[in-house]
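K.L.:
have a look; sequence and predicted model below, questions after that.
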Amino acid sequence: MSNSSPAAYIGAVSELRPGRYPEWDGTDMYRQVVCKFLAEHPEIRPADIQGLLVCPAGMATGDADIFVHERFGEEIGIQPRFAETINAGGATYGVMVQRAVLAVERGLADAVLCLGAGKFPKVGGPGAAEKNAKMASHPEFEFPYGTFIPALYAQAASRHCHEFGTTEAQLAAVSVNSRSWAQKHPDALMAAKGPLTVEQVLASKPIATPFKLLDCSVPCEGGAAVLVCNSDMACRLTSTPARILGMGETHLHSSISQAGDLFELGGKSAAKSAFAMAGVSPTEVSVLESYDSFSFNPILSLEGLGFVKPGGGGRFFEEGRAAPGGSLPVNTYGGLLSFGHTGDSSGMSMIVEATRQVMGVAGDRQVPNAEIALAHTYGGMMAEHSVLLLGRG
């Protein structure tokens, strides 16, 4: 971000409670997100929004509607000067915010509404597993061998365990950390299940070595909205907007069998760009919100983002340094592991929580003096990454 460019902020966020909504399809989910956002922020008028960014409805289920921005521009009652339907898997919303920042900086829009909503694909039933595998696998080198998503991630986790001595107990500590934060979030899907122990994770059903059931995210549905805007709009909406200090993205591969380095999958190059743009270092970050479809991923992210040395991520969680009161709180909303993995919209949760933390409105889970928050999202088999650094006002 050039020093001469006008600053971009997140001025407002809103999120549906994660759950199962069988009565709504992907388009209905979008409507619920928009209605909740506007109800929570009545001071925002349709005329305030000149940009609209969305992801395809039905992206995760393989039945994508790629014209969502047209439909919802019409439904909201706006004729945006800047609009697009974007798909980068779980990195979609970080990428979306970056596009919105560029539009605000260049004066294309005073405010850009970023929307995400989605269902979680069902892997049971005729043909469902095959359809899911085709979305995630290389057609020649992976799919013929009966791949499925947990097993693909497990390959990278197994290599990390072999290379650095990361243990299954350290993986379990990540799930325990997420549950401890979820206990503080009124909307977290797993909050009602109570605290979690390492022993419970290790005793849960084996899924794909080294993962147990409680090493895996919780499938559900939901959605969220984020308004990226200029300083005038941000100050009108809140006294503590979240300023976007730095951002970076990278697109590495499509299929994990084509990854050149399994340990580059923690967002390293995207983080390098974001930190350079913001002019800060990892030691200045107050809170980390990291995409955690499996317990292994925050370990790899800590290392790739520069918070610990390679091989140190497992010990970081094992020692409780990511937990409430720890030196670097991680996934303070409960993560996908305990807040809920909300299908197409799952990458929104990290951005919403990072925003709330620097705004100082995170309730019981508020991290004291949260001046800078990092939100890291990735799409596909850790293939494309977005890193956002947010600062207080």
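P.N.:
Structure's in. What do you need?

K.L.:
C-alpha only now, for contacts and for neighbours.
P.N.:
OK.

K.L.:
where do the helices sit along the stretch 101-250 of the chain?
P.N.:
Using DSSP state H, counting those that start in this stretch, the helices of the stretch 101-250 of the chain run over residues 128-136, 149-164, 168-182, 198-203, 231-237.

K.L.:
how about JSON lines for these, with mean pLDDT added?
P.N.:
Output for those, formatted as JSON lines (pLDDT from 0 to 100):
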{"stretch": "helix 128-136", "mean pLDDT": "67"}
{"stretch": "helix 149-164", "mean pLDDT": "91"}
{"stretch": "helix 168-182", "mean pLDDT": "98"}
{"stretch": "helix 198-203", "mean pLDDT": "98"}
{"stretch": "helix 231-237", "mean pLDDT": "95"}
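
K.L.:
which one of these is the most hemmed in?
P.N.:
Looking across the helices of the stretch 101-250 of the chain with neighbours counted as mean count of other Cα atoms under 10 Å, the highest average goes to helix 168-182: a mean of 27.

K.L.:
now do it: which elements does it pack against?
P.N.:
Helices and strands touching helix 168-182, by 3 or more Cα pairs under 8 Å, 6 or more residues apart in numbering; DSSP states H and E, are helix 198-203, helix 296-304, helix 313-318.

K.L.:
between these, which one is closest to Pro42.
P.N.:
Relative to Pro42, the nearest member of those by Cα to Cα is helix 296-304, separated by 36.2 Å.

K.L.:
who's in contact with that closest one?
P.N.:
With contact meaning Cα atoms under 8 Å, 6 or more residues apart in numbering, helix 296-304 is reached by 157, 171, 174, 215, 263-268, 271, 290-292, 308-314, 317.

K.L.:
got the buried residues for it?
P.N.:
296-304 (16 or more other Cα atoms under 10 Å).

K.L.:
mean confidence for the helix or strand encompassing Leu38?
P.N.:
Element membership of Leu38 [criterion: DSSP states H and E] is helix 26-40. For helix 26-40, the per-residue pLDDT values average out at 90.

K.L.:
so what secondary structure elements neighbour it?
P.N.:
Short answer (3+ Cα pairs under 8 Å, 6+ apart): helix 26-40 packs on strand 9-15, strand 111-118, strand 222-229.

K.L.:
the shortest one pairs with which strands, and in what direction?
P.N.:
Same thing as strand 9-15. Note on strand 9-15: by DSSP bridges, its sheet partners are strand 222-229 (antiparallel), strand 242-251 (antiparallel).

K.L.:
I'd like the distance between Gln79 and Leu108.
P.N.:
From Gln79 across to Leu108, the span is 13 Å (Cα to Cα, to the nearest Å).

K.L.:
what residues are shared contacts of these two?
P.N.:
Counting by Cα under 8 Å, 6+ apart, the common neighbours of Gln79 and Leu108 are Gln50.

K.L.:
pLDDT below threshold where in the chain?
P.N.:
Filtered on pLDDT under 70, the chain yields the residue ranges 1-6, 57-67, 69-74, 121-129, 131-132, 134-139, 143, 257, 262-263, 266.

K.L.:
and with 80 instead?
P.N.:
1-6, 26, 57-79, 120-147, 252-266, 380-383, 393 (pLDDT under 80).

K.L.:
need the residue closest to the centroid of it.
P.N.:
Most central in the chain under Cα atoms, centre = their mean is Gly347, positioned 2.8 Å from the mean C-alpha point.

K.L.:
if we can go back for a sec, how about the strands paired with strand 9-15 in TSV, adding mean neighbour count?
P.N.:
Shown next, in TSV, are the strands paired with strand 9-15 (neighbours: other Cα atoms under 10 Å):
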stretch	mean neighbour count
strand 222-229	29
strand 242-251	24
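
K.L.:
quick one, phi/psi of the closest residue to Asn177 other than its chain neighbours?
P.N.:
Leaving aside its sequence neighbours, Asn177 sits nearest to Ala323 (Cα to Cα, 6 or more residues apart in numbering; 5.5 Å). Torsion angles at Ala323 (phi, psi; degrees, to the nearest 10) stand at phi -80, psi 170.

K.L.:
now do the contacts for Ala323.
P.N.:
177, 180-181, 317, 329-330.

K.L.:
likewise for Asn177?
P.N.:
Asn177 neighbours (Cα under 8 Å, 6+ apart): 317, 320, 322-323, 330, 334.

K.L.:
and these, which are buried?
P.N.:
Neighbour counting with 16+ other Cα under 10 Å marks 317, 320, 322-323, 330, 334 as buried within the contacts of Asn177.

K.L.:
and which of these is nearest to Val104?
P.N.:
Val330 (29.3 Å).

K.L.:
for Leu152, find the nearest of the strands paired with strand 9-15.
P.N.:
When the strands paired with strand 9-15 are compared by Cα to Cα, strand 242-251 sits nearest Leu152, at 18.1 Å.

K.L.:
and the angle from the very next helix or strand once past that closest one to strand 242-251?
P.N.:
Counting by DSSP H and E, the next helix or strand C-terminal to strand 242-251 is helix 268-278. Computed by axes from the mean of the first three to the mean of the last three Cα atoms, to 10 degrees, the angle separating helix 268-278 from strand 242-251 equals 150 degrees.

K.L.:
and the angle from helix 268-278 to helix 296-304?
P.N.:
Interaxial angle, helix 268-278 versus helix 296-304 (the same axes, to 10 degrees): 50 degrees.
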